[in-house]
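>>> output the structure for:
(one chain, ligands or ions: 2)
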Amino acid sequence: MKRGPGGSGRLRIDLPIRTSPRGDEPLSSPYGYSPQFGSPGGPQLRPQNSMPDLTRYGARSPGPSPLYTPRSPRTPGPIGSAATFGPGVTLGPSSPATPDAKPFWQSALSEAKHFAGGLIPHPTESTKHYTILRHSSALVFYRGPGTSVTISIFSSQDHPVPPDRTVWMQQRGFSGDSGMKVKAAFGSTKDWLEVTPSAEAQPHELDKAADRAWQRDIAKVASRSLKDKGPQKAHVPRETHVIRIPEASEDGYFRLHLCSGGVHPGEKGNTTKRKVLCSSPIFRVASTSIDPSVMRGASLTTLPLEVGAFVGSKMLLARAAPVLAPIEKVYDKIAPSFVAQKVGGMAADAVQAQKSQQRSALLAAASQQQSQPLDPSSILHPNSEPSPPFPLKLTGKVIPGTGRSSSTLGIPTANLSFVTPDDLRYTLKGTFLGWTALVNPLELQYHPSIITISPGYSSSPTVTPTPQVSVHIIHSFPQPFVGISLKIIIMCFLRPALPLRSTPPEQQLVAFSQDVHLASSVLLPSSPSPDFGSSSSRPSWTAERAIHLLSLRKSQRGIGEIISDAKEKAVEKVMGRGGGGGGGASEVVTSMQQKLGVRVSKNDGGEGAAGFRDEIYGKGGYWVKR
Ligand SMILES: Cc1cc2nc3c(=O)[nH]c(=O)nc-3n(C[C@H](O)[C@H](O)[C@H](O)COP(=O)(O)O)c2cc1C
Ligand SMILES: Nc1ncnc2c1ncn2[C@@H]1O[C@H](COP(=O)(O)OP(=O)(O)O)[C@@H](O)[C@H]1O
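Residues are numbered from 1 along each chain as shown. Ligands and ions are numbered 1, 2, ... in the order given. From the prediction side, this is the model:
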């Protein structure tokens, strides 16, 4: 596991440490070792016997606790199961005393969140005509690309939210709150990130429990506004936004700005000045980073929160390491040693940089083609051939879907999971034609197929909608092949995906059968060739030629990609993903790190990896009318 940057200098933190009621016995931890406060050689923490009074910061003063048994401040002992650090942050038992108790680190994080609620100012901000309510806790823990913050927008009767409204996220500098306000006033938006939620959700699609909580908050703010401003001027609820926090935003203090006018960067259109209508209450994005510099933007009142979150994350990292370490060990072992020693990180970085350039070229080329349906004659022409960036290779494992394709359309589609390379499904959108083979030791027979990368029938809106990859193979199989891996070669883009939820089945059927017809005409052999079952009359479109092109491209790859492939294989070994094409194991590591709130460090994915992933996931987020 990559530890976050060590940060400059050592940070001493004097914190009151409560020992466990049982006194000195070392804590048995789920990881088979008793955690010491601070990593060996890291900042050591000294127990204090007195609790500083922080009630003036609005923290719950923990008061004398029956658990508190003062210890001589000789050496920092193991963290008691009821250790308390920071005002009011009392951690729950580390190894659950009762079956349903949260694990240690989860209670640490939720306590820190709860604690934050008392420290960072109230959850609403208002201007004359608008109010923004922050539903999320003031402390938003980073959980990977799905990290989000939820707000509701209110406005006065005669000031509905403008249709061209956009939402921007601004980071607070060292200058604290005033720095943010100044930037907002002058509209200097050089470090603003546009985070306007991309999809509208219907109220019935929302998660019931979440919406009940949001409605409760909204009712409170609306009734208070009615009381304060009277029926004419009261601010009424307009929209609720679930906003994805871009990975590029790093840790720190942020504020959202509701704006009208102005243009989205990169979009044509009127260039009216963007006007800030209202800003949200501040919130803190925290990942389990142990880099003290992330305290940038902390004010005196929020410093204890910083310490709480910082210490919480330190504990988290200390406890997470044993989980991820074995994988890291395999990684290092497998990476070709001659590269690790001789070529070192430089070549890898250079290739990573080149890889991310290639990828953004891929993004550009692919997204260009994905805006309108293809002109069939362009691929039916006898001398036509796949245009770059195609052919592209994709693998995945077949999982059960909704069963709709067969039941409503009579066209079975195999849904894929563990899709590798994962980012392709965020780059490619729509319906494609290509070749598909079942990775089955007995045969590697490529058949013409239709590949769709689309939101599918996904029911509830999510912050980062994960596109569904599904394949219809133009071939009849004796029995289903769920659980089998597929090797896919995408040859060309056909058309944008129809929004299934709003397209009647008859219309879907017409489109689908046209796709199958077109794919058959382009790919099916007029004269079958023995090995690949593909036409020799259209040599540019055969699976054979595509595989040759792909291996040619692979041989031109840099050392860095060989390493990252080797890592993929290593993690597959450790994570036990067998059966070829069961790939995506390294995404397991990333998602485990993300669950632990560890930002996947830049060198994991090359320069600007976070920005690249934001490009893939897009703005994401969703909103609902109130
Ligand atoms: C020929 C063909 C065309 C398709 N076109 C679309 C499409 O335009 N939009 C879409 O979301 N899904 C499209 N699909 C994918 C299926 O509708 C998809 O598998 C479905 O969303 C999931 O159904 P399932 O759970 O039964 O697999 C197409 C599938 C086939 C076979
Ligand atoms: N020609 C085919 N193309 C795709 N899947 C097929 C085909 N023939 C059989 N199947 C099987 O049908 C399953 C998909 O059937 P479908 O009705 O779409 O159900 P689901 O909703 O689970 O995808 C696939 O998982 C696969 O095992």
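
>>> so where's the stretch 401-550 of the chain uncertain?
442-443, 456-460, 525-537 (pLDDT under 70).

>>> taking the stretch 401-550 of the chain, what residue is nearest to ligand 1?
Gly401 (2.4 Å; Cβ to the nearest ligand atom). Placement of C-beta: from N, CA and C, glycine included.

>>> ok, that residue - contacts?
Counting by Cβ atoms under 8 Å, 6 or more residues apart in numbering, Gly401 makes contact with Thr413, Asn415, Gly456, Gln468, Ser470.

>>> and which of the residues you listed is nearest to Ala222?
Nearest to Ala222 among the contacts of Gly401 is Gly456, at 36.4 Å by Cβ to Cβ.

>>> how close does the residue of the stretch 201-350 of the chain found nearest ligand 2 sit to ligand 1?
Going by Cβ to the nearest ligand atom, ligand 2 is nearest to Glu205 of the stretch 201-350 of the chain, at 20.2 Å. Distance, Glu205 to ligand 1, by Cβ to the nearest ligand atom, to the nearest Å: 16 Å.

>>> can you pull the phi/psi pair for that residue?
phi -90, psi -10 (degrees, to the nearest 10).

>>> for it, give its distance to Leu374.
Using Cβ to Cβ, to the nearest Å, Glu205 is found at 32 Å from Leu374.

>>> how about the residues of this structure by ligand 2?
For the chain, the residues in contact with ligand 2 (Cβ under 6 Å from any ligand atom) are 398, 400-406, 412-415, 471-473, 475, 477, 480-482.

>>> which ones among the residues you listed are found in helices?
Counting by DSSP state H, the residues of the chain next to ligand 2 place Arg404 in helices.

>>> which of the residues of the chain next to ligand 2 count as buried?
Val398, Gly401, Ser405, Pro412, Thr413, Ala414, Asn415, Val471, His472, Ile473 (16 or more other Cβ atoms under 10 Å).

>>> which two among these are spaced furthest apart?
Across those (Cβ to Cβ), the longest gap, 14.5 Å, separates Gly401 and Ile473.

>>> where does pLDDT dip in the stretch 1-150 of the chain?
Counting by pLDDT under 70, the stretch 1-150 of the chain contains low-confidence ranges at 1-122.

>>> ok, the stretch 151-300 of the chain next?
The low-confidence ranges in the stretch 151-300 of the chain, as defined by pLDDT under 70, are 172-191, 262-272, 288-300.

>>> neighbour count for Glu205 and Leu374, which is higher?
Leu374 (18 against 15; other Cβ atoms under 10 Å).

>>> list the contacts for the more buried one?
Leu374 neighbours (Cβ under 8 Å, 6+ apart): Cys492, Phe493, Leu494, Arg495.

>>> turn the residues you listed into CSV, including neighbour count.
As requested, the contacts of Leu374 are exported to CSV (neighbours: other Cβ atoms under 10 Å):
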residue, neighbour count
Cys492, 23
Phe493, 24
Leu494, 25
Arg495, 17
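
>>> any chance of these in TSV with secondary structure as columns?
Below are these laid out as TSV (DSSP: H, G, I helix; E, B strand; the rest coil):
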residue	secondary structure
Cys492	strand
Phe493	strand
Leu494	strand
Arg495	strand
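
>>> okay, those residues in a markdown table with distance to Ser260 next?
Putting the contacts of Leu374 into a markdown table (distance: Cβ to Cβ, whole Å) gives the following:
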| residue | distance to Ser260 |
| --- | --- |
| Cys492 | 42 |
| Phe493 | 36 |
| Leu494 | 39 |
| Arg495 | 35 |
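
>>> quick one: which of the residues you listed is nearest Glu506?
Checking those one by one against Glu506 (Cβ to Cβ), the nearest turns out to be Arg495, at 17.3 Å.

>>> neighbours of the nearest residue to that closest one once chain neighbours are set aside, how many?
Using Cβ to Cβ, 6 or more residues apart in numbering and skipping residues adjacent in sequence, the residue nearest Arg495 is Pro373, 3.7 Å away. For Pro373, the neighbour count with other Cβ under 10 Å is 14.

>>> test my guess that Pro373 contacts Leu494.
Yes: counting by Cβ atoms under 8 Å, Pro373 sits close enough to Leu494 to count as a contact (7.0 Å).

>>> who's in contact with the residue in the stretch 251-400 of the chain that ligand 2 sits nearest to?
Residue nearest to ligand 2 within the stretch 251-400 of the chain: Pro400 (4.2 Å; Cβ to the nearest ligand atom). By Cβ under 8 Å, 6+ apart, the contact list for Pro400 reads Asn415, Val482.

>>> and Pro505, by the same measure?
Counting by Cβ under 8 Å, 6+ apart, Pro505 has contacts Thr408, Leu409.

>>> show me what His257 is bridged to.
Counting by DSSP bridges, His257 is bridged to Trp168, Ser279.

>>> quick one: it and Ser152, what's the gap?
From His257 over to Ser152 (counting by Cβ to Cβ), the distance is 15 Å.

>>> same check on Phe477?
Using Cβ to Cβ, one gets 50 Å for the distance from Phe477 to Ser152.

>>> please apply the same query to Pro400.
37 Å.

>>> tell me the SS of Glu544?
Applying three-state DSSP: Glu544 is helix.

>>> ok, so what distance separates it from ligand 2?
21 Å.

>>> no more questions from me, cheers.
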